[in-house]
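A.B. asks: using only what follows, build the 3D model:
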Amino acid sequence: MDSTLAKGLKILEVLADSDRPQGVTALAQRLGLPKSNIHRTLSTLVEIGYATRHEDLHRYSATLKTWEVGANIISRNFLRRASLPFLRVLHQMSQETVYLAVLDGTDVLYLEKLDALYPMVKSARIGQRMPSIFPASGLALLAHMPDAENRVRRCAEATSDIRQSDPDAILSTLAQVRSQGYARTTSGWNQGTLSIAVPILRPDTDTMGAIGIAGAAERLTEELVSEWIPTLRNSAMQISELVGNEGDAF
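C.D. replies: A predicted model of the protein is given here:
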């Protein structure tokens, strides 16, 4: 592994994920690297246009060049392109937040999201990742993976979250998800949110993604949820047929 490249990417990830500019000392403490290495790498990132230095603050932030690279990649993602028309229909039907997610290691990664017309609760943002064992999207994705048990146990071991992370209980939930064809959580990741998700399956029953609907738990009645689930499942099947053998989600 090229350690210089790895350090640069780690610093760039922190800058991209930060709400405010970061200083050399803070970055060194967070990444466990010498300040000299941080400063040298930041200077390179500034020189090639991926970071900018705020002279008045002596801190750094990521530039839009990082977004540009990501936008070019996601624009070519066939799963996202195939899913978008169905997400729009689901959004119009429910008027709630709808999303497309994929599994990346033990995390859920959100590729697309259309916000609720009247949002009341916090929801995942495009590009956000979270431990797959908590949200409905993660459970829908894990349920049909051949190595689901391994992923669940690794995810549970890695998380420090106080929510339910008992691997055996989660594996029992996955069996229920497989049986009923959808996952459902209340406050699975964001408090006060009810979310339902269905897997987009490959012909061999492996999962390539998941689509779902999320909204305020008090607003999403049992009648609405029961009405939306068949539409979600039908949409997922049609997306699967469109994608066919076009390749992986990434």
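A.B. asks: max-length helix in this structure?
C.D. replies: Secondary structure of the chain per DSSP state H: the longest helix is helix 222-243.
A.B. asks: what does it contact?
C.D. replies: Contact partners of helix 222-243, identified using CB atoms under 8 Å, 6 or more residues apart in numbering, comprise 78-79, 82-83, 86, 89-90, 93-94, 181-182, 184, 194, 196-202, 208-213. Bear in mind the C-beta positions are built from the backbone N, C-alpha and C, glycine included.
A.B. asks: can you flag the buried ones in these?
C.D. replies: Among the contacts of helix 222-243, those classed as buried by 16 or more other CB atoms under 10 Å are 79, 82-83, 86, 90, 94, 181-182, 184, 194, 196-202, 208-213.
A.B. asks: among these, which are in strands?
C.D. replies: Judged by DSSP state E, those include 184, 194, 196-201, 208-213 as members of strands.
A.B. asks: now, which of these sits nearest residue 73?
C.D. replies: Nearest to residue 73 out of those is residue 209 (CB to CB; 15.7 Å).
A.B. asks: how much space between that closest one and residue 12?
C.D. replies: Distance, residue 209 to residue 12, using CB to CB, to the nearest Å: 26 Å.
A.B. asks: what of residue 191?
C.D. replies: Look at residue 191 and residue 12: by CB to CB, they are 31 Å apart.
A.B. asks: tell me which of those two has more neighbours.
C.D. replies: The neighbour comparison of residue 191 against residue 12 (other CB atoms under 10 Å) goes to residue 12, with 19 against 10.
A.B. asks: verify the stated contact: the more buried one with residue 48.
C.D. replies: No: if you go by CB atoms under 8 Å, residue 12 and residue 48 don't touch, sitting 10.6 Å apart.
A.B. asks: what residue ranges in this structure score low on pLDDT?
C.D. replies: 1-2, 120, 161-164, 204-205, 245-250 (pLDDT under 70).
A.B. asks: just give me the residue right at the centre of it.
C.D. replies: The residue lying closest to the centre of the chain (CA atoms, centre = their mean) is residue 109, at 2.1 Å.
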